[in-house]
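Peer 1: Give me coordinates for this.
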Amino acid sequence: MTKELSYKIAIVGGGTGGITTAAQLLRQNKGLRGEIVVIDPSDKHYYQPLWTLVGGGEVKKEVTERDEASVIPDGAEWLKEAVSEFYPDDNYLMTAEGSKVKYDYLVVAAGIQLDWDKVKGLKETLGKNGVCSNYSYDTAESTWENIRNFKGGTAIFTAPNTPIKCGGAPQKIMYLAEDYFRKAGVRSKSKVVFASGGTIIFGVKKYADTLSKIVQERNIATEFKHNLVEIDGPKQEAVFEHLDTKERVTMKFNMIHVTPPMSAPNFIKNSPLADSAGWVDVDKYTLKHLRYDNVYGIGDCTNLPTSRTGAAIRKQAPVVVENLLGAMRNKPSDKQYHGYTSCPLITGYGKLVLAEFDYDNNPQETFPFNQAKERFSMYLLKKEMLPVIYWDGMLKGLM
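Peer 2: I've put the predicted structure just below:
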């Protein structure tokens, strides 16, 4: 039997975007207590930016995990179910468990889907045969095991040709691994390869110049337009497809760190909310849906043309909140998001380049110094300060 529920605001997704938005809404309008539902089936909430440092042996994975119940804002209800279908013409959605949730306003904050199956053989060998990935809580520690036990040979670090969360992350673990190989005395008998489905090292020239110099100085081989399509774990072979020629190239490895292909969650791809590529179709400035006036999107599941990061969500959430509250009061807001995002690019142990930029790939830097330079202070910001800002600031609606 269908369970019917009704709320003023339904928020799909209990990750960074959903929780931050719910918390800010409740701080700005106490009258919304009991009127907001967060819909998410997950038991746990993760601070994923630290998984790079888990993979590099700097942080224990347990510090990145908390119970989802602990981050649901006071005043919001939590429906621990998975959304399956949207009916935006009639202002309701359905869950896989059979609940019908009616709403006046909808915020879609469903994150991004990791498509492990898109690389043939990957799921079967992940965590074994030298194959690892920081993109899962369960496998991040295997990256550190591989780096720590590496005795030489070929270490490959991949990036897919799809949008991914934190575009710089596939490189960060590579720089940490290369640094560790030097410290362990095995770098001279090692080949480090960055095999990317992208066309360049980084999209913003100021930071790309620094990264290109680092890659050159540290003798890291780059293979652009090489998209990973298959892994044979027992043979330790990775098959890449060249994006221009479609030629298949097989590389032997002793260790490979895989960043899986990603896409919009299936229940969004198959819905009226999606654009032709499957992402939530929003205005890039107001974050309001292009066809449904009472629907907003935030974070990785949207088609916003910027890097998918928690820092981007920190700037997007106030825009969604102000515009939604303005619509509720029939006083439209003109608040806009201009594509700000940040990518703290770890370039080794104790070294970090803090990339901050907008839609036009213009630097939008916070600090009064050249952030394209490697700095220990920025490494400490990443490791020690940003997690505190996340748990105690963003998720509580304070920033």
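Peer 1: Quick check on residue 92: phi, psi?
Peer 2: phi -150, psi 170 (degrees, to the nearest 10).
Peer 1: Show me the beta-bridge partners of the residue nearest to it when sequence neighbours are not counted.
Peer 2: Leaving aside its sequence neighbours, residue 92 sits nearest to residue 102 (Cβ to Cβ, 6 or more residues apart in numbering; 4.5 Å). C-beta: built from backbone N, CA, C; applies to glycine. Bridge pairing for residue 102 (DSSP bridges) gives the partners residue 6, residue 92.
Peer 1: Renumber starting at 42 from here on
Peer 2: Noted, 42 is the first residue going forward, which turns the last one into residue 143.
Peer 1: what's residue 143 in contact with, if anything?
Peer 2: Residues near residue 143 by Cβ atoms under 8 Å, 6 or more residues apart in numbering: 45, 46, 47, 48, 132, 133.
Peer 1: I'd like the distance from residue 201 to residue 57, if you could.
Peer 2: Look at residue 201 and residue 57: by Cβ to Cβ, to the nearest Å, they are 21 Å apart.
Peer 1: Please tell me the pLDDT value assigned to the residue nearest to residue 133.
Peer 2: You'll see residue 143 listed with a pLDDT of 98.
Peer 1: The residue most central in space within the chain and residue 327: what is the separation?
Peer 2: Geometric centre of the chain, nearest residue: residue 206, 2.7 Å, by Cα atoms, centre = their mean. For residue 206, the distance to residue 327 (Cβ to Cβ) stands at 23 Å.
Peer 1: so how far is residue 419 from residue 187?
Peer 2: Distance from residue 187 to residue 419, by Cβ to Cβ: 26 Å.
Peer 1: ranges for the strands of the stretch 92-241 of the chain?
Peer 2: 106-108, 117-120, 124-128, 133-136, 140-149, 154-155, 172-173, 194-200, 231-237 (DSSP state E, counting those that start in this stretch).
Peer 1: looking at those, which is closest to residue 333?
Peer 2: strand 140-149 (7.8 Å; Cβ to Cβ).
Peer 1: Next, the angle from that closest one to strand 124-128.
Peer 2: 80 degrees (axes from the mean of the first three to the mean of the last three Cα atoms, to 10 degrees).
Peer 1: Contacts only, for residue 401.
Peer 2: residue 380.
Peer 1: mind running it again at 10 Å?
Peer 2: Contact analysis of residue 401 by Cβ atoms under 10 Å, 6 or more residues apart in numbering lists 245, 346, 379, 380.
Peer 1: likewise residue 168?
Peer 2: Per Cβ under 10 Å, 6+ apart, neighbours of residue 168: 174, 177, 179, 180, 182, 183, 184, 186, 187, 274.
Peer 1: isn't the last one right up against residue 161?
Peer 2: To tie it back to what came earlier, the one meant is residue 274. No - in this structure, residue 274 is not within contact of residue 161 by Cβ atoms under 10 Å, at 11.2 Å.
Peer 1: Compare neighbour counts for the two and give me the winner.
Peer 2: Set residue 274 next to residue 161 and count neighbours by other Cβ atoms under 10 Å: residue 274 wins out with 18 against 13.
Peer 1: Skipping its backbone neighbours, what lies nearest the residue nearest to the centre of the chain in space?
Peer 2: residue 349 (4.6 Å).
Peer 1: Neighbours of that neighbour, how many?
Peer 2: With other Cβ under 10 Å as criterion, residue 349 counts 20.
Peer 1: contacting residues around it?
Peer 2: For residue 349, counting by Cβ under 10 Å, 6+ apart, the contacting residues are 152-153, 204-208, 303, 340-343, 382.
Peer 1: Then residue 321?
Peer 2: Contacts of residue 321 (Cβ under 10 Å, 6+ apart): 53, 127, 149-151, 305-306, 309, 312, 314-315, 328, 330-331, 336-345.
Peer 1: 6 Å instead?
Peer 2: Counting by Cβ atoms under 6 Å, 6 or more residues apart in numbering, residue 321 touches 149, 314, 338, 342, 343.
Peer 1: any idea how the protein splits into domains?
Peer 2: 44-153+305-380+432-437, 157-302 (automatic domain parsing).
Peer 1: For the contacts of residue 143, give me CSV that also has distance to residue 282 and pLDDT.
Peer 2: Listed next are the contacts of residue 143 as CSV, based on distance: Cβ to Cβ, whole Å; pLDDT from 0 to 100:
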residue, distance to residue 282, pLDDT
45, 48, 97
46, 46, 98
47, 49, 98
48, 46, 98
132, 43, 98
133, 42, 98
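Peer 1: Which among those count as buried?
Peer 2: 46, 48, 132, 133 (16 or more other Cβ atoms under 10 Å).
Peer 1: what's the closest of these to residue 259?
Peer 2: Closest to residue 259, out of all of these and judged by Cβ to Cβ, is residue 48, at 52.6 Å.
Peer 1: isn't the closest one right up against residue 80?
Peer 2: No - between residue 48 and residue 80 there is no contact under Cβ atoms under 6 Å: 9.7 Å.
Peer 1: Please report how far the residue nearest to residue 127 when sequence neighbours are not counted lies from residue 125.
Peer 2: Distances taken as Cβ to Cβ, 6+ apart place residue 312 nearest to residue 127, at 4.3 Å, with adjacent residues excluded. Using Cβ to Cβ, we find residue 312 at a distance of 10 Å from residue 125.
Peer 1: got it, and residue 379?
Peer 2: 34 Å.
Peer 1: What of residue 59?
Peer 2: 17 Å.
Peer 1: what do you get for residue 281?
Peer 2: Taking Cβ to Cβ, one finds residue 281 at 35 Å from residue 125.
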